[in-house]
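Undergrad: Any chance you can model this:
(chains A and B)
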Amino acid sequence: MGKTLLDKVWEEHSVRTLPDGRTQLLIGTHLIHEVTSPQAFGMLRDLGLKVLYPHRTYATVDHIVPTDQRTEPFSDPLADAMVKELRRNCAENGITFFDLTSGNQGIVHIVGPEQGITQPGTTIACGDSHTSTHGAFGAIAFGIGTSQVRDVLATQTMAIGKPKVRRINVNGTLSPGVYAKDVILHIIRRLGVNGGLGFAYEYGGSTFDAFTQEERMTVCNMSIEGGARVGYVNPDETTFQYLEGRPYSPKGAAWEAAVKRWKNSASDKNAVYDDIVDFSAREILPTVTWGINPGQAIFIDEMIPNPALLPEKEQATAREAIEHMKLKPGAPLRGTKIDVAFLGSCTNGRLSDLQEVAKHIRGRKVAQGVKAIVVPGSQGVSAIAEKMGIAEIFREAGFEWRGAGCSMCLGMNPDKLLGDQLCASSSNRNFKGRQGSPTGRTMLMSPLMVAAAALTGEVCDARNIFSISFPDKA
Amino acid sequence: MALQKITQVTGRGVFIPGDDIDTDRIIPARFMKCVTFDGLGEFAFADARIAERNVGRLHPLDDPRYKEATILISGSNFGCGSSREHAPQALYRFGYRAIIAESFAEIFFGNSTTLGVPCVKMHQRDIAGLAAIIAHDPSALLTIDLNENKVTLADVDFAAQISMPGHAREALTTGRWDSIADLVDGLEEVRRRAANIPYLSI
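TA: Residues are numbered from 1 along each chain as shown, chains lettered A, B, ... in the order given. Just a heads-up that it's a prediction; the model follows:
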């Protein structure tokens, strides 16, 4: 009987079975940031425990960091205190900190991979639910709470039950103007926001084979929005090529040995899955969320749903969503006016996201009255974007080019929506109040769709705005 | 570090209707700019409560009828979204000691159990029945029994089945719901295992 990548990694990293029946699972790589670590370090001090493997712990500051005025002290004293607390904890424990002065600071799920810290066949944990992102490299990566951050700091392990595995196949070629973001929004729409509860999602099929690592990261990132704590793609040549030469990637003979191990960590051809779901890439169109959870999504050419016509279980939440989003059931999604456009986040804040948009917006301008911000996912991404002239294209077009951080994805820093502003966003959550204003409204979509909305002032089909040809109009 | 064995939770209930109630709603991000969890209780469901107040209504958490409640009741996929432990912390510090819901998001469930706050699943039909009883009589006393796997009411003929993953029930009823002690016990084996994994021993 063949094994999945999950089986293999679980076997290798299982320390023992705990009294309650769960596994004490070794976490090979621990990523930390300023929001979910301070209390964990505090608990360690209270318990008289030390960090077990500081050399397997890496830190960055991302959630509270301003994207405009970034010199300390920050204008928000609470944010300033948090960054100093992280710096202190890292210094006291000998933990590598990708600080603001390092040139490598950024969103934790962007920094890990670009540094080569995220590797196949490993286990990774971080106090942030989008840790599933790292699964794009064939790692088993968990989002964890603060007490678990304490557990990993103190013992380099966590208590966790082994998930089932659902294999999700997406086969075929995506139509022009349809991106990885649309793929994951589509999967969540179909399988539901809690469809993945108890499962790890293994993504595969020809669409994934053809994806770049950055595209795979976009998909794995939102696994948690579908209820799957873990989501991964089997490592392959694309993965190895991405990792080669990165700062923390193995070198020389160690590199050769690692690639061999990484190849072996992939699911066997005859692996057995608890469930298998198939999707056809051609069926997927640009997708936009209309509601207050990531599963409330439709294609760009669809109408806003009528709650009364939805399955009974979905009706109450749909009504609540229509009311919050101030939409009209039955009205076209297209044409919805937007106030803010946000391009960034751990979902879509990578170089390829910015490159793809820059390619299409050159020479065009953000619409009057729209506030458009671009937040590169890391200082590394930002530096390359500047060098390539990408930053300048955005600035020319009237986008504000900012410093790296989580920014408006969750509005913990000053980048927040005001009142009931509607934001076209490349991030991962559209919950009520998510972007910093209780009455603020969020529509999730791909980076190019965000750009199209920025240029026109309304939700629209990016394929029209940027003359991206439809496959059947030869 | 001896933890209390939790086999039963008794108290009044409060119903928060709705499915997919996420952790951003339970504790908005702006209240997470802190280095301890102190004082989080007052901010539980902050924005939902403000929104109700603004239209002259009372959120269940502000409704004096449910002031004594220690058991929170809600719909499916409760606690979805962010892994923030600030969410169960805020609920605990507000005064809740157990949560009954149609289903729970995984990370929230784990965070809550680690704090000693049992999260028990109940069928939607039974939740509706319980909510109706509580609306009629907010002083109704519920007992969640983790060994019997049921919820009963003191003065009303009501009994509903509940469920919880075996490991969580085991942990709560044997007083090991915070796993740090058990994990530390395994440190020798951790070091042995790590020494045999190439990327860790480099």
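Undergrad: Break chain A into its domains for me.
TA: Segmentation of chain A into domains, based on automatic domain parsing, reads A:5-275, A:288-465.
Undergrad: Any stretches of the stretch 301-450 of chain A with poor pLDDT?
TA: Low-confidence segments of the stretch 301-450 of chain A, defined by pLDDT under 70: none present.
Undergrad: So which residues on it come close to chain B?
TA: Taking Cβ under 8 Å from any Cβ of the partner chain as the contact definition, the stretch 301-450 of chain A meets chain B at A:313, A:316-317, A:320, A:410-412, A:429, A:431-434, A:436, A:438-439. To be clear about C-beta, it is placed using only N, CA and C from the backbone, and glycine gets the same treatment.
Undergrad: So which residue is dead centre in chain B?
TA: B:Ile99 (4.2 Å; Cα atoms, centre = their mean).
Undergrad: Need phi/psi at that one.
TA: Backbone dihedrals for B:Ile99, given as degrees, to the nearest 10, come out at phi -130, psi 130.
Undergrad: any idea how far it is from A:Ala159?
TA: Taking Cβ to Cβ, to the nearest Å as the measure, B:Ile99 falls 20 Å from A:Ala159.
Undergrad: average model confidence for the helix or strand B:Arg191 falls within?
TA: If you go by DSSP states H and E, B:Arg191 is part of helix B:187-195. When the per-residue pLDDT values of helix B:187-195 are averaged, the result is 97.
Undergrad: related to what we said a few turns ago, could you point out the bridge partners of the residue nearest to the centre of chain B in the sheet?
TA: Under the criterion DSSP bridges, B:Ile99 forms beta bridges with B:Leu72, B:Cys119.
Undergrad: hmm, back to that, and B:Tyr66, which of the domains of chain A is closest to it?
TA: Among these, the nearest to B:Tyr66 by Cβ to Cβ is domain A:288-465 (20.4 Å).
Undergrad: measure the closest one end to end?
TA: Looking at domain A:288-465, the gap from its leading to its trailing residue is 16 Å under the measure Cα to Cα, to the nearest Å.
Undergrad: for that domain, the distance to its chain's centre please.
TA: 14 Å (Cα atoms, centre = their mean, to the nearest Å).
Undergrad: coming back round to it: now the domains of chain A as CSV including mean neighbour count and distance to B:Ala181?
TA: Putting the domains of chain A into CSV (neighbours: other Cβ atoms under 10 Å in any protein chain shown; distance: least, Cβ to Cβ, whole Å) gives the following:
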stretch, mean neighbour count, distance to B:Ala181
domain A:5-275, 21, 9
domain A:288-465, 21, 33
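Undergrad: would you turn those into a markdown table with distance to B:Ala128?
TA: What follows is these, written out as a markdown table (distance: least, Cβ to Cβ, whole Å):
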| stretch | distance to B:Ala128 |
| --- | --- |
| domain A:5-275 | 19 |
| domain A:288-465 | 12 |
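Undergrad: Any idea which of those gets closest to B:Gly79?
TA: Of all those, the one in closest proximity to B:Gly79, counting by Cβ to Cβ, is domain A:5-275 (10.6 Å).
Undergrad: Can you show me the strands along chain B?
TA: In chain order, chain B shows strands spanning B:8-15, B:69-74, B:98-101, B:119-122, B:141-145, B:150-153, B:159-163, with DSSP state E as the criterion.
Undergrad: In CSV, list those along with mean pLDDT.
TA: Putting the strands of chain B into CSV (pLDDT from 0 to 100) gives the following:
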stretch, mean pLDDT
strand B:8-15, 98
strand B:69-74, 98
strand B:98-101, 98
strand B:119-122, 98
strand B:141-145, 98
strand B:150-153, 98
strand B:159-163, 97
